[in-house]
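Colleague: fold the stuff below for me.
(2 chains, ligands or ions: 2)
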Amino acid sequence: MTTMEHTLGASIARLESRAKVTGTARYAAEYVTDDALYAWPVPAGIARGEITAVHTEAAMTDPAVVVVLTHQNAPRLHPVEDRTLTLLQSSHIAHRGQYIALAVATSLEAARSAAGAVLVQYKADHHDVVLAEDHPGLYMPEEIDGLWPGTREHGDFDTVYATAEIRTDAVYTTPPMHNHPMEPHAATALWDGDALTVYDSNQGSVTVQHTLAQLFGIDAGQVRVVSEHVGGGFGSKGTARPHVVLAAMAARVVGRPVKLAVPRNHMPAVVGHRAPTIQRIRIGAGRDGCIQALAHEVVTCTSMVGRFVEAAALPSRVMYIAPNSRTAHRVTRLDIPAPSWMRAPGECPGMFALESAIDELAYVCGIDPVELRIRNDPQVEPDSGLPFSSRHLTECLREGARRFGWHERDPSPGTRYEGRLLIGSGVAASMYPVVILPSRAEVRADPDGHYWVRVNATDIGTGARTVLAQIAADALTAPLGYVHISIGSTDLPEAPLAGGSSGTASWGWAVHNACVRLRGLIEHSGGSVPAGGLSVSADTTEDVKSGQEYARCAFGAQFAEVQVDTDTAEVRLRRLTGVFAAGRILNARTARSQFIGGMTMGLSMALMEGSTMDPEFGDYAERDFASYHVAVCADVPAIEAHWIDEEDPHLNPMHSKGIGEIGIVGTAAAVANAVHHATGVRVRTLPIRPDTLLPHFA
Amino acid sequence: MGRTAVTLEINAQSCAFDLDNRTTLLDALREHLGLTGTKKGCDHGQCGACTVLVDGMRMNSCLLLAVALDGAQIITVEGLSSDAALHPVQQAFIDHDAFQCGYCTPGQICSAIGAITEAASGWPSAVTPQERPLGPVPLTAPEIRERMSGNLCRCGAYVNIVNAVTEAAEAVGEAAR
Ligand code: FES
Ligand code: FES
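Modeller: Residues are numbered from 1 along each chain as shown, chains lettered A, B, ... in the order given. Ligands and ions are numbered 1, 2, ... in the order given. The predicted model follows:
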């Protein structure tokens, strides 16, 4: 070992950066298999009902078409928990866009054309696809995701709210949103006897492996899932999705490798999306802005085939002092595509509502919104009563205010003109909980000083390889260049998904433990590695149980400045500053990119994103990038992300909190609050497009 | 389906194909040549992930039928660098961490090269002042943002992309002088 450089925290370029800028990094649909066939799925054309007939004759006339799979000829699958995955098993249709057939051909062109030529006849039932506050199907789930109670009550909200000096009561709505990672979901599947290999685009290959094994009735050991590079996921690749099942099914039928990439305009129906929410927030406070009563009541929807619930009231259990509180969810099942995780599910839409409501309270009380948040910053987590392992929201607010120049701000809304533009600024807090899952990892030392780290982590763009190599180098006190890291395959020690901002903490802990033990072994053998090398494996199943006596969350504050054109009502972001307290930052470069990336998606949510359910056809009307707008380069001016040094010993050996999601939490509220400051108009419905604001300028 | 013989010069190599007439340039590259560096994000001309240089100009390869390009010179991300040295735009993308998942990156890089050329040739963009001296358009941040807006990045690397293109444009300009 030559140097003892401190690699943890350093600004290290991504290890795969050269592969990514030269085009050699391979994604799931890019594994060359000479005799591969191409599959193109057929989506259902009704929202609910039965298939009465499928005619594939026309599709089969092209000799390039090998097979068209339907529920009549597809291999039988074993049941799994996620019912969106038992594809082509029955004639029943649970939502429009559900895959009901699959054309397989020797070329993409032939497969696509064949899919278009499949003629399906239906018996359509009446469908119910639109969420409403008074939907008759609304029920109160006892538990959400098996993790959180659907409803929580503390004290006596109704009485205290009724008698509070200051009362606010408003409803905030968020539309359906779509993850749309740039790499569409894709898989290449090949069978060798009963052994299945898939190259798949996902956020965690272990669940995909187990799900496929279950579906096809084989041992997990016979399924190999490779996910070397993944072109983003944002939650939509968190578990197996239909494409990988169909690819594996088709490959089994044709006895050849099959590639399937989901067409972009199918994605809103088959890969999950953020469910719409209607959130009512009532706050009772004193004139000093101190919250005495808080109710956050969420109405949302899920599908007939899934159970996912957008837990948008959760932030109100964490954020502010609220001795009398109610946080509740009501859900209804609709004939819609299955909603699922999208970057910071729950927190992201929930904090839009809560942080808008807090701004409204500050305005009513005549108190600066930064100051009001600080006054309501709790000592312990309001819902659980647990102490925070660390909580530096106040510091983030103060530091953000300083960097942004907040205190020069004139608080009166709708007064700052620059020509025909109105200018305003807004603030909101960010929050994301700490999640750490058990993981395994292995590390081997060679006598020549090289180390080989193996862990089935997934890099969906976070920089996982790089930060894990840094963690290893640090624990081994080895130079980074001597650490080689393998991730992204079920051949490697089992590890959890890249989701819930849990990846680095979970994988890193196992890597750290293995490396520390390996260093001990090397020291024990006199500081040198024997000829055969040394290896150590670690499993953190027990370790991750620690720290439960604390409430553990990352916090942040975001400050936005907007301009609003008084003629067109177009809102443009001018600048956005975020300050985060997320434990120790392990790679300054990739961390900054993650924060900025989340904030960029947050501004996209604030001003552009949202799709509309077509009540007639039961489908999302905006299914491609021409209609579902996401922020482009011209929409993104100066975005800055900073962090404060936070030491928290109750997390993991790296002292880190997850950072993949917090950046998107609060951004939309900061922008909406800035729009209010600019124009005096309070927008409670996202996105804030010209049609929302224009009537106010008449 | 009809097929046509076509010869394209791809990354300075002549490639003869017999292609299904429906084959896009993007699919010809990815599925017939194994040049998977060029990405398919939407297949509809809406994301820019498939951007390549056709006769020196940036184009969305998913919108081009390969058989219509007989004799064209195509440069893809694989053709930008030699083993020894990266193209200045590629290097700048690494130095500024101008990507996360990397899926939009080859398209961003080819698009940036196209944009730098266009600006150097005096092509205006929507944000170029109408009254200006003839000649190259300086690539300010607003110019870069405008010119790079055909390339979506869902990871939200735009801030870093603008910094990378700013630096690369200078490097390319230096080299041209
Ligand atoms: S793949 Fe060509 S523009 Fe999206
Ligand atoms: S780097 Fe992931 S989409 Fe741009």
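
Colleague: what ranges do the helices span in the stretch 451-600 of chain A?
Modeller: A:464-476, A:503-524, A:588-607 (DSSP state H, counting those that start in this stretch).

Colleague: please identify which of the ones you listed is closest to residue A:166.
Modeller: helix A:588-607 (26.6 Å; CB to CB). The C-beta positions use only the backbone N, C-alpha and C, and glycine is treated the same way.

Colleague: is chain B within reach of stretch A:117-135?
Modeller: No. Taking CB under 8 Å from any CB of the partner chain as the criterion, stretch A:117-135 and chain B are apart, separated by no less than 12.5 Å.

Colleague: before we move on, back to that, of the helices of the stretch 451-600 of chain A, which is nearest chain B?
Modeller: Chain B lies closest, by CB to the nearest CB, to one member of the helices of the stretch 451-600 of chain A: helix A:588-607, at 2.9 Å.

Colleague: what helix or strand is residue B:124 located in?
Modeller: Assigned by DSSP states H and E, residue B:124 belongs to neither a helix nor a strand.

Colleague: neighbours around it, how many?
Modeller: Burial of residue B:124 is recorded as 13 neighbouring residues (other CB atoms under 10 Å in any protein chain shown).

Colleague: surely it touches residue B:137?
Modeller: Yes. Using CB atoms under 8 Å, residue B:124 makes contact with residue B:137 at a distance of 6.3 Å.

Colleague: rewinding a little: would you format the helices of the stretch 451-600 of chain A as a markdown table with mean neighbour count included?
Modeller: Shown next, in a markdown table, are these (neighbours: other CB atoms under 10 Å in any protein chain shown):
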| stretch | mean neighbour count |
| --- | --- |
| helix A:464-476 | 26 |
| helix A:503-524 | 23 |
| helix A:588-607 | 27 |
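
Colleague: for residue A:257, find the nearest of those helices.
Modeller: helix A:464-476 (26.6 Å).

Colleague: quick one: the closest one near chain B?
Modeller: No. Helix A:464-476 stays clear of chain B (CB under 8 Å from any CB), getting no nearer than 10.3 Å.

Colleague: cool, and stretch A:87-106?
Modeller: No. Applying CB under 8 Å from any CB, one finds stretch A:87-106 separated from chain B by no less than 10.0 Å.

Colleague: straight-line length of that stretch, end to end?
Modeller: Terminal residues of stretch A:87-106 lie 22 Å apart, using CA to CA, to the nearest Å.

Colleague: likewise for stretch A:646-658?
Modeller: Terminal residues of stretch A:646-658 lie 13 Å apart, using CA to CA.

Colleague: quick one: average pLDDT of it?
Modeller: Taken as a whole, stretch A:646-658 has an average pLDDT of 97.

Colleague: show me what from chain B comes close to ligand 2.
Modeller: Within chain B, the residues that sit near ligand 2 (CB under 6 Å from any ligand atom) are B:99, B:100, B:101, B:102, B:103, B:104, B:105, B:153, B:154, B:155, B:157.

Colleague: number of residues surrounding the third one?
Modeller: The tally of other residues near residue B:101 (other CB under 10 Å) stands at 27.

Colleague: returning to what we had before: tabulate the residues of chain B next to ligand 2 in JSON lines, adding columns for secondary structure and pLDDT.
Modeller: Below are these laid out as JSON lines (DSSP: H, G, I helix; E, B strand; the rest coil; pLDDT from 0 to 100):
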{"residue": "B:99", "secondary structure": "coil", "pLDDT": "98"}
{"residue": "B:100", "secondary structure": "coil", "pLDDT": "98"}
{"residue": "B:101", "secondary structure": "coil", "pLDDT": "98"}
{"residue": "B:102", "secondary structure": "coil", "pLDDT": "98"}
{"residue": "B:103", "secondary structure": "coil", "pLDDT": "98"}
{"residue": "B:104", "secondary structure": "coil", "pLDDT": "98"}
{"residue": "B:105", "secondary structure": "helix", "pLDDT": "98"}
{"residue": "B:153", "secondary structure": "coil", "pLDDT": "98"}
{"residue": "B:154", "secondary structure": "coil", "pLDDT": "98"}
{"residue": "B:155", "secondary structure": "coil", "pLDDT": "98"}
{"residue": "B:157", "secondary structure": "coil", "pLDDT": "98"}
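
Colleague: and which of those is nearest ligand 1?
Modeller: Nearest to ligand 1 among the residues of chain B next to ligand 2, counting by CB to the nearest ligand atom, is residue B:104 at 9.3 Å.

Colleague: what sits against that closest one?
Modeller: By CB atoms under 8 Å, 6 or more residues apart in numbering or on different chains, residue B:104 lies in contact with A:182, A:231, B:39, B:41, B:47-49, B:151-155, B:157.

Colleague: scan the residues you listed and report the most crowded one.
Modeller: The most crowded member of these, judged by other CB under 10 Å, is residue B:153 (32 neighbours).

Colleague: for that residue, which non-adjacent residue is closest in space?
Modeller: Nearest residue to residue B:153, sequence neighbours excluded (CB to CB, 6 or more residues apart in numbering or on different chains): residue B:104, at 4.6 Å.

Colleague: from residue A:362, how far off is the one you found?
Modeller: 39 Å (CB to CB, to the nearest Å).

Colleague: residues in contact with the helix or strand where residue B:6 lies: which ones?
Modeller: Under the criterion of DSSP H and E, residue B:6 resides in strand B:3-10. With CB under 8 Å, 6+ apart as the test, strand B:3-10 has contacts from B:14-21, B:25, B:28-29, B:33, B:35, B:66-67, B:69-76, B:79.
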